[in-house]
Structure formats: structure tokens, C-alpha cells
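Chemist: Test case, fold it:
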Amino acid sequence: MRVIICEDDLSQRQSILTDIVQYANFHIPGIEVVLCASSGVEVLNYINHYPADCYFLDINLEGDMCGLELASLIREKDSLANIIFVTTFADKLKLTFKYKIAAMDYIIKDPNKEVFQENLIVALKTAYHRYIAIGQQNERVNMLQFKVGENIRNIKYEDIYYLETATVAHKLKLHTKSGIYEFYGKLKDYEKLDTRFRRCHNSYLINIDYLFEYSPKERTLTMSNGHTCLVSYRYAKNIK
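Modeler: Model prediction:
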């Protein structure tokens, strides 16, 4: 689960980051903090290029936009994202209904460090359980869930470039916007994942939305991320 923190107070931001990273390292290695930002603009710039799954947002952000406005923009891009608000003023929480954000949780900045930390971890664990549950509904949410070691990953179909057989027997290599992952599986099990995925070779299953160029003579194709995949005679019709 890819986590983003947005908090304009430096000490509070570092505290949230430390608590999440320490808990994840010891209990849920599948949680990764991919961005720790001080403004909504930083968050929007990031998610315009890379995916994220869970957000810890300060409601009272200073600058171009408040946390509620940022959350509203996040929700427009991703209806399934876990949004958790962190705030000093409990009366601000009622505004989340006005913005129709459907936040997963709210954490009050309790002056008692232990209480705040406990509430933060409870919210993090709840978000992770929800993250796993969402991925198990792959056909409904257009999301591929797989296991890397002991960690569960969810990747949206729209963030997948292609799958290929790995050099390790019975393993696949998944090329995505957020990186490359290896897991156990067979390509044939993913051929009917979605209409956008097409087999082009015994070793490749591509997302045709990211097909940049096809060379029938060379029997190769170039994906929009610059990678080259092979095309066999048997599967050429899937590409044409």
C-alpha cells in the first residue's frame, strides 16, 4: 500500500512519517510511504505521474489549498483511495460532509503523544485491511492483486504496461507505472483479465492502451514506457 503524508507542520510531518515507517517495518512491510509533502501542490504533482493508495492529510494546510480541497481533488482521481484526515480542531470534521469526500477516518492531534500514535496506527491498519479487501474484487474495481513474498500488492489495470515471463521458472514480471514486480503465476491465467490486455507472444501479455508502435516486419512492438516486446506469428492477429 503506497502512502502519502501531507502536513505543513515540519515536526508533525516527521512524527507521522516516523510512526508509520517504524510500524510498517516491523509489522506490515507491504506499506510504503512514497511521499511526505508540505503542500497540496506537491501531492497533486506526484499523483499525476505515480499511483498512491492511502493519504494522511492535514485539514488545515496553509498555502494554495486546504486539506479538504486537496482531498476533493484526490477523490475525483481515485474513488477508492483511503483518505485519513489529521486535524487539531474537531469542529472542522463536519466540513468533510460538505465536500463529499467520504473519508475513511479522522485523527485529532492529541497533545498526548501515545494517544495520537495509537490512533494513527489503528487508522493505518484499517486502511491496509481495506486495501487488501478492495484488491480481491479485481473484476469490479479493475485492479490486479498479487503477492510479492509476504506482501500483498494492488495495481490498477490502467497502471500496467505489460506482463512477461521472468527468468525464474513459474514467475512473472509485471511492468507498471510504479515499478517492476515479480510474483508466481502463469500468463494464460491473465489473458482474460480485461479486454485491454492482449497476448502478443508466449512470453508477453501487453496492455494495448500503452502500445506505442508495432513493427510487423521486425515482429516487435514498442510500449509507451520505451520497452520492446516480441510478437510471434501465432499472436500477431491480437495486435493487428
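
Chemist: Retrieve the pLDDT associated with the one residue sitting closest to the centre of the chain.
Modeler: Taking Cα atoms, centre = their mean, the centroid of the chain lies closest to A52, which sits 3.5 Å from it. A52 is assigned a predicted lDDT (pLDDT) of 94.

Chemist: same question, F85
Modeler: pLDDT recorded at F85 is 91.

Chemist: just F116 next, same as before
Modeler: 91.

Chemist: Now it: closest residue in space, sequence neighbours ignored.
Modeler: Excluding the flanking residues, the one nearest F116 by Cβ to Cβ, 6 or more residues apart in numbering is D110, at 4.5 Å. (Each C-beta comes from the backbone N, C-alpha and C, glycine too.)

Chemist: T88 too?
Modeler: Nearest to T88 is K109, by Cβ to Cβ, 6+ apart, at 4.6 Å.

Chemist: OK, contacts around the one you found?
Modeler: Q12, V86, T87, T88, F116 (Cβ atoms under 8 Å, 6 or more residues apart in numbering).

Chemist: Tabulate those residues (TSV), appending secondary structure.
Modeler: Compiled in TSV, the contacts of K109 are given as follows (DSSP: H, G, I helix; E, B strand; the rest coil):
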residue	secondary structure
Q12	helix
V86	strand
T87	strand
T88	coil
F116	helix
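
Chemist: PyMOL command to pick out the buried ones of those?
Modeler: Here is the PyMOL command that selects only those of the contacts of K109 that count as buried (16 or more other Cβ atoms under 10 Å):
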select buried, resi 12+86+87+116
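
Chemist: from the contacts of K109, which is closest to I180?
Modeler: Nearest to I180 out of the contacts of K109 is V86 (Cβ to Cβ; 32.7 Å).

Chemist: So that closest one is in contact with E7, correct?
Modeler: Yes - shown here, V86 and E7 form a contact pair, counting by Cβ atoms under 8 Å, at 6.7 Å.

Chemist: hey, what's in contact with both of those two?
Modeler: Common contacts of V86 and E7 (Cβ under 8 Å, 6+ apart): I16, F56, L57, D58.

Chemist: And the residues you listed, which two are furthest apart?
Modeler: Every pair in these was compared (Cβ to Cβ); the two farthest apart turn out to be I16 and L57, at 10.5 Å.

Chemist: Between those two, which contacts overlap?
Modeler: With Cβ under 8 Å, 6+ apart as the test, I16 and L57 both reach E7, V86.

Chemist: measure the nearest residue to I47 once chain neighbours are set aside to D159 for me?
Modeler: With Cβ to Cβ, 6+ apart as the criterion, I47 has its nearest non-adjacent residue at 6.5 Å, and that residue is K77. According to Cβ to Cβ, to the nearest Å, K77 and D159 sit 12 Å apart.

Chemist: One more: D19?
Modeler: 28 Å.

Chemist: related to what we said a few turns ago, the residue nearest to the centre of the chain is in what secondary structure piece?
Modeler: Using DSSP states H and E, A52 maps to neither a helix nor a strand.

Chemist: Same question for S79.
Modeler: In this structure, S79 sits in neither a helix nor a strand according to DSSP H and E.

Chemist: what pLDDT does it get?
Modeler: For S79, the model assigns a pLDDT of 85.

Chemist: helix/strand/coil for the residue of the chain positioned farthest from its centre?
Modeler: Checked against the mean C-alpha position of the chain, the extreme residue using Cα atoms, centre = their mean is K217, at a distance of 37.3 Å. Here K217 is recorded as coil under three-state DSSP.
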